[in-house]
Structure formats: structure tokens, C-alpha cells
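K.L.:
just need the structure, nothing else, for what follows:
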Amino acid sequence: MRTQTKISDFIIKIFIWLFTLIAVGALILIVGFVLIKGLPYISWNFIVSPDTGILPMIVTTLIIIPLTLIIAAPIGICSAIYLVEYARPGKIVNLIRFATESLAGIPSIIYGLFGYVFFCLTLGFNYSILSGSLTLSIMVLPTIIRTTEEAIKTVPNSYREGSLALGATKLTTIFKIILPSSISGILTAIILSIGRIVGETAAVIFTLGTVTDMPKNLMSSGRTLATHMYNLAREGTNENAAFATAAVLIIVVALINLSARSVAGQFQKKLHSKK
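P.N.:
Numbering: from 1, shown residues only. The predicted model follows:
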């Protein structure tokens with residue numbers, strides 16, 4: 001029996017490593033292919049040229065990311081706190097979880113149509129950064145809620161009991177103990193949301209538009225890097241520019257993720273130093 005168990009464990013480990021290598025290899029292959037094809041065509045002129053430059057798209061993307069997170073993150077995190085810390089198991093909680101799971105499964109084109117009808121037409125925001133951000137904030141809510149919820153669940157109950165035993169209120173325990181302890185999971189939710197935001201095209205086209213001008217305010221129409229790359233690839237007239245835009249997009253996302261992790265690391269260091 002022991003020999004069979006060891007053989008089974010060895011086979012399972014082989015499959016785990018094999019599938020891990022396949023996943024990592026696929027990531028390296030895709031990113032490497034895009035960078036190899038795109039980096040040679042990235043130049044200062046490609047970035048800032050008035051006619052073909054992608055600077056307006058970079059600025060639009062960098063505006064829409066924090067604006068979307070400012071809208072979605074507080075709602076998503078507070079919803080997760082309610083589901084874990086306050087809500088009692090029952091029909092209401094099941095309904096909320098069913099709603100969030102349903103939102104996660106809705107095609108992005110449906111979000112785009114909803115955003116166009118509600119934000120652009122009904123509320124009169126037209127094609128604008130605000131309309132795009134509001135639509136994207138709804139799209140990333142399920143990711144933030146579910147990931148934050150799981151992160152909060154990993155905080156040991158002894159932390160809660162110890163805080164409450166020392167006289168802290170429920171709200172103080174949440175903001176001083178639970179949220180700092182689950183910051184890594186919340187950061188994961190933010191990073192996953194950033195990936196969804198920068199990679200979205202269908203919903204953005206219907207709400208943000210495809211204007212290539214530099215945005216002047218939140219009510220300006222614009223074009224994100226992903227939308228610009230999609231338009232270039234669809235036209236098929238400038239494949240090199242499409243790959244260069246994709247390479248820039250990868251670099252921007254990597255820098256944002258590294259910055260977010262750096263901020264979270266500094267926050268955790270301060271938290272541990274206080275302890």
C-alpha cells in the first residue's frame with residue numbers, strides 16, 4: 001500500500017509540474033511573441049506623433065483605470081465585508097452571491113449595450129471616459145467581491161475574538177485588524193480588475209468611443225490602448241503598429257502591477273512595524 005501511495009503521489013506531482021510548466025510556458029510564449037514583434041517598432045515618434053502617436057490612448061487608459069477602481073473598489077470591498085462579517089446565511093446572501101456570479105458570466109458586449117443605453121443615452125453622459133469607467137466598474141465588481149470575500153475568510157477568527165475581547169468595536173476590528181490582514185488578497189482583486197479594465201474592448205467601444213484625440217476631461221470621448229490595438233488589427237493595414245501597441249500595453253500593465261505590489265509591500269511593512 002505504501003509503495004502504491006508513493007507511486008500515486010509521484011505521478012500526481014509530475015502532472016502538477018507538467019501543467020504548471022504548460023501554463024507558465026504559454027504565458028512566456030504569448031508575452032515574448034508580442035514583445036519580440038512589437039518592441040522594435042516602439043519609438044519616441046510612435047508615442048508622441050500628432051498623426052500616428054499613441055500618447056492619447058496611453059493617457060486615456062491611465063485615466064480610466066484609477067477612475068474605474070475608485071468607483072468599483074469601495075463598493076466591492078464593502079460588499080465583501082458585509083457578506084463575510086455581517087450577513088447571516090440565508091436567502092438574501094444566496095441571492096447576492098447568485099447575482100455576483102451572474103454578473104461575472106455576462107458577455108462584455110451586453111455590458112457595453114447596457115452602458116450605452118443607460119449611461120450614454122439615459123443619463124446623457126454620451127461617449128465619455130465617465131461612461132466607460134462606470135460600465136467597467138460594474139464588470140469588475142464580481143472579481144473584487146469574490147476575491148476580497150475569500151481573502152477576508154482566511155483571517156483567523158482568533159484575530160476577531162482578540163480584538164473584540166480588548167474592547168474594540170466591530171467596525172474598528174474590521175478596519176484595524178481584518179482588512180490589513182487580508183491586504184494581499186484585496187491587492188490580488190485589484191490587479192485582476194486592472195487586467196480586465198485594460199483588456200476590455202467591446203464594452204469600451206460602446207461607451208467610451210474610438211476618438212483618438214487627447215482627452216480634456218472626464219466627459220471627453222477617447223480610445224484605450226486595447227481598443228486602438230483592436231482597430232489596427234481589424235483594419236489590417238499596419239500590423240507592426242498593432243504589435244507595438246500591444247507591447248506598450250503589456251509594459252503599462254506590468255508597471256501598474258509592480259507599483260501596486262510595491263505599495264502593498266510598504267503597507268504591510270508599516271503594519272508589522274506597528275505590531
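
K.L.:
tell me the contacts of the residue nearest the centre of the chain?
P.N.:
Note on the chain: the residue nearest the mean C-alpha position is residue 193, at 1.2 Å, using Cα atoms, centre = their mean. By Cβ atoms under 8 Å, 6 or more residues apart in numbering, the contact set of residue 193 is 68, 69, 72, 73, 140, 143, 144. Backbone N, C-alpha and C define where each C-beta goes, glycine included.

K.L.:
give the closest residue to it in space, chain neighbours not counted.
P.N.:
In space, residue 193 comes closest to residue 140 once its chain neighbours are excluded; the distance is 4.0 Å by Cβ to Cβ, 6 or more residues apart in numbering.

K.L.:
okay, and residue 32 sits in which element?
P.N.:
Per DSSP states H and E, residue 32 falls inside helix 2-38.

K.L.:
what packs against that helix?
P.N.:
helix 239-274 (3 or more Cβ pairs under 8 Å, 6 or more residues apart in numbering; DSSP states H and E).

K.L.:
residues of the helix it packs on that come out buried?
P.N.:
Within helix 239-274, the residues that qualify as buried are 241-250, 252-253, 256, 260, 264, counting by 16 or more other Cβ atoms under 10 Å.

K.L.:
can you check stretch 96-111 too?
P.N.:
97, 100, 103, 108, 111.

K.L.:
same deal with stretch 88-97?
P.N.:
Result for stretch 88-97 [16+ other Cβ under 10 Å]: buried residues residue 97.

K.L.:
next one: stretch 192-207
P.N.:
In terms of neighbour count (16+ other Cβ under 10 Å), stretch 192-207 has its buried residues at 193-194, 196-198, 200-207.

K.L.:
neighbours of residue 179, how many?
P.N.:
Neighbours of residue 179 under the rule other Cβ atoms under 10 Å: 17.
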